[in-house]
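Student: sequence unknown, structure follows:
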């Protein structure tokens, strides 16, 4: 008997906890309302199952408790009942899977007009790169990394010259514009995680991963790492600032491009940079600067 | 009629001394106890590690001895020990060994010597695992998933030698499991007594049997992953290592795939969830049926559900990898296969409840644990639908929601079954009875305590609190109330931690002082309760093997004198 009461109380307690606890998802700041809706549908179907099944359990425990003279009913199976239960379960499952897959369909289809921005992870900090006026990110790889070329851009790739590098500052995004975030890791796995954005994705060394979103709310948000990356995992933080288009343009104008950084690089460092690119004998006609 | 290995064809390896009886024993019951005691002992280490983690999370900074490195080592070792060295070893090596021969009417496993070897290799794997705590750099802190590159690169605690001992230990464990698993499968298929058809076996045997088959198919993936990573760590290969930076230097590795490891790991890792769950499903079915004095409802459906879950569990592994960077189109397939598996799983839940329905429920301690299991398993199963439903997983992955989900479904739930099973079979194994009051006290603190621990964690996860964080630090989305919640959770965890001493005291005290138990105290119909001696002697059945005439669930049969009919009773 106490166990039946306990289960009923846990059911009501869980519902009350859901309604009154202060912890629920953060206010959303992107277009991924469809993910939140899929979660809501899943939650309501699951909550209904949770309450119904457990209250039935509690009732059965009271109703069929052992009493003197009471005997259980012998019934090996009841295939009609089992088929009905299977059917309704399948309906419930399909009901939550449909919005889940629909939202995923959007998640994997990046809009053509999405601008490209790169987030680079390393133990234990975030850096960012914008493609510059040409809209194309230059080639980059770990093998090009030097103290003066932290993000490892290929110094010989002309597309990289106008790329804007944000090595220590915040990530800025314009509000209302779809953006495809390319993710690159210099060392181990990381995960670009901003709770308010809902979307997230791992960074995998050796390949470039991505996700997309449209920021819908201006403001400053925390970037965390959501894939264990070693001792400093919990301290791998950054900030993302979602600006109005005008403020974004103003901010972007102040960032330095890879070309500018190369121009300021002393010759000794420059040669190291070039050696990394196997460019010891650059023809004189090639202007590095 | 089942194939029977007749008693006189196969001489038993009768022990000649104390050493061959209790140490180098080939008796499945002694091996089961060896497995269980070893598993529970190493499980206690994992329990202590979880208490240390909760101290750090609940009271950050109050224990300066716990540094980020230690914390990650606690996380990693806790996870690996619980999943592999406690749950798998205890449910299959412990319960599998004890129950299979007794429940199917065999004298022993079909390969007793290999069975013995299985235990000693398992013990060796545990010793190598524990050695990890004493090597330079300490045990691995790469998380129980051991994802490369971080598992073997600078910046991760234990990347020097802790990861090596871990991988070697896993490889040995797989060898040990293979010996045990082959034995369980062969014994179930070949050594059933006369009349024990497959569809008359108790569901415990079905669960353990299916889990063993799955283990034989899944563990090799872990084995090759471990060997390949050992090569990467010790021989400079690049199976999982891309060109990357490590401690500011460019490594010599090139072209390896970190995602390949994740696929191998989860091809093992997801079936592993069911390798733990299916024996628990089977055992809890038997506990519910016996203590509700009612036949298990829908036996055939229950068997098929076990088999279907076992098969489907090999098609869902990448639901652990929705945001891993694998081809995102895989998400459609794996979300669908994952949610389909919920259907046979739900059928099992319904049938447990329909067994209680119209039953005659005796609220004894094993039954309390079985009922608590139904509750926590419903909870954990439903939260799994969130994580399986691909897009819903995106915001929740790597948050406390995941921690709450898997602890509820494959931590708490199987552990509740294990407690219930120990209370249930203790009188048969030891011949003595435990103390009821202590058992109930242990139950109530454990059941209510774990719910207090894990319910709030779901909500912290929905808020976005990430997992595997030594400290939450400053973040605008984390209000101060989260720190308060963490304190309460830690207090509940310490209470549950302390309550386990009631269990150990009860078990050990009753072993010497408990009243003598009836050979069949619960009035159970299955074979293991019909042995001529309690505890069963070597060879289990005396001079003649039992003959089986009916299924294991003839409870409260109309017209029968008693409310159960043993499987050995001929039909009228």
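Tutor: Here it is on my side, so go on. None of these values were measured; they are calculated from a predicted model.

Student: list the contacts for residue B:296?
Tutor: B:203, B:285-286, B:288-289, B:302, B:351, B:355, B:553 (CB atoms under 8 Å, 6 or more residues apart in numbering or on different chains). All C-beta atoms are positioned from the backbone trio N, CA, C, and that covers glycine.

Student: err, residue B:431, not the other one
Tutor: Residues near residue B:431 by CB under 8 Å, 6+ apart: B:516-517, B:534-535.

Student: Can you list the low-confidence ranges for chain A?
Tutor: Low-confidence segments of chain A (pLDDT under 70): A:279-289.

Student: report the longest helix in it, please.
Tutor: As assigned by DSSP state H, the longest helix anywhere in chain A is helix A:33-63.

Student: Spell out the residue ranges of the helices in chain A.
Tutor: In chain A, the helices defined using DSSP H lie at A:2-20, A:33-63, A:79-107, A:245-253, A:258-264, A:267-276.

Student: any idea of the angle the second one forms with helix A:79-107?
Tutor: For helix A:33-63 against helix A:79-107, the angle between stretch directions is 160 degrees (axes from the mean of the first three to the mean of the last three CA atoms, to 10 degrees).

Student: Pull out the buried residues from helix A:33-63.
Tutor: Across helix A:33-63, burial judged by 16 or more other CB atoms under 10 Å in any protein chain shown covers A:34-39, A:41-43, A:45-46, A:49-50, A:53-54, A:57-58, A:60-61.

Student: got it, and the last one?
Tutor: The neighbour-count check on helix A:267-276 (16+ other CB under 10 Å) flags A:270, A:273-274, A:276 as buried.

Student: Nearest to chain B, out of the residues you listed: which one, please.
Tutor: Lowest distance from chain B to the buried residues of helix A:267-276 (CB to the nearest CB) belongs to residue A:276, with 8.9 Å.

Student: and the helices of chain A as CSV, adding distance to residue B:453?
Tutor: Supplementary listing: the helices of chain A in CSV, determined by distance: least, CB to CB, whole Å:
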stretch, distance to residue B:453
helix A:2-20, 13
helix A:33-63, 18
helix A:79-107, 26
helix A:245-253, 44
helix A:258-264, 50
helix A:267-276, 51
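
Student: mind checking which of the ones you listed is nearest residue B:182?
Tutor: Judged by CB to CB, the one of the helices of chain A that comes nearest to residue B:182 is helix A:79-107, at 34.1 Å.

Student: Show me which residues of the stretch 151-289 of chain A are close to chain B?
Tutor: By CB under 8 Å from any CB of the partner chain, the residues of the stretch 151-289 of chain A that approach chain B are A:183, A:185-189, A:191, A:193, A:195-196, A:198-207, A:209, A:220-222, A:224-235, A:237.

Student: Return the members of these classed as buried.
Tutor: So, of those, A:183, A:185-189, A:191, A:193, A:195-196, A:198-206, A:209, A:221-222, A:224-231, A:233-234, A:237 end up buried under the neighbour-count rule (16+ other CB under 10 Å).

Student: for the buried residues of helix A:267-276, which one is nearest residue B:71?
Tutor: Taking CB to CB as the measure, residue B:71 sits nearest to residue A:276 out of the buried residues of helix A:267-276, at 36.9 Å.

Student: Contacts only, for the closest residue to that closest one other than its chain neighbours.
Tutor: When the adjacent residues along the chain are set aside, residue A:276 lies closest to residue A:144, with 5.1 Å between them (CB to CB, 6 or more residues apart in numbering or on different chains). Each residue near residue A:144 by CB under 8 Å, 6+ apart is listed here: A:152-155, A:273, A:276-277.

Student: Touching, residue A:156 and residue A:262? I think so.
Tutor: No: if you go by CB atoms under 8 Å, residue A:156 and residue A:262 don't touch, sitting 11.0 Å apart.

Student: what residue lies at the spatial centre of the chain?
Tutor: Looking at chain A here, since you left the chain open. By CA atoms, centre = their mean, the mean C-alpha position of chain A lies nearest to residue A:200, the distance being 0.5 Å.

Student: Wait, chain B was what I had in mind.
Tutor: Central residue of chain B (CA atoms, centre = their mean): residue B:87, at 2.9 Å.

Student: these two touch, right, that residue and residue B:410?
Tutor: Yes: if you go by CB under 8 Å, residue B:87 and residue B:410 touch, sitting 7.5 Å apart.

Student: Between these two, which contacts overlap?
Tutor: Joint contacts of residue B:87 and residue B:410 (CB under 8 Å, 6+ apart) are residue B:276.

Student: which ones are touching residue B:216?
Tutor: Residue B:216 makes contact with B:178, B:181-182, B:185 under the criterion CB under 8 Å, 6+ apart.

Student: Might you specify the subset of those located within helices?
Tutor: Counting by DSSP H, the contacts of residue B:216 place B:178, B:181-182, B:185 in helices.

Student: Could you identify the most distant pair in those?
Tutor: B:178 and B:185 (10.6 Å).

Student: and residue B:249, which of the helices of chain A is closest to it?
Tutor: Residue B:249 sits nearest to helix A:267-276 of all these, at 12.9 Å, using CB to CB.

Student: Among the contacts of residue B:431, pick out the one closest to chain A, please.
Tutor: Checking the contacts of residue B:431 against chain A by CB to the nearest CB gives residue B:517 as the nearest, at 20.1 Å.
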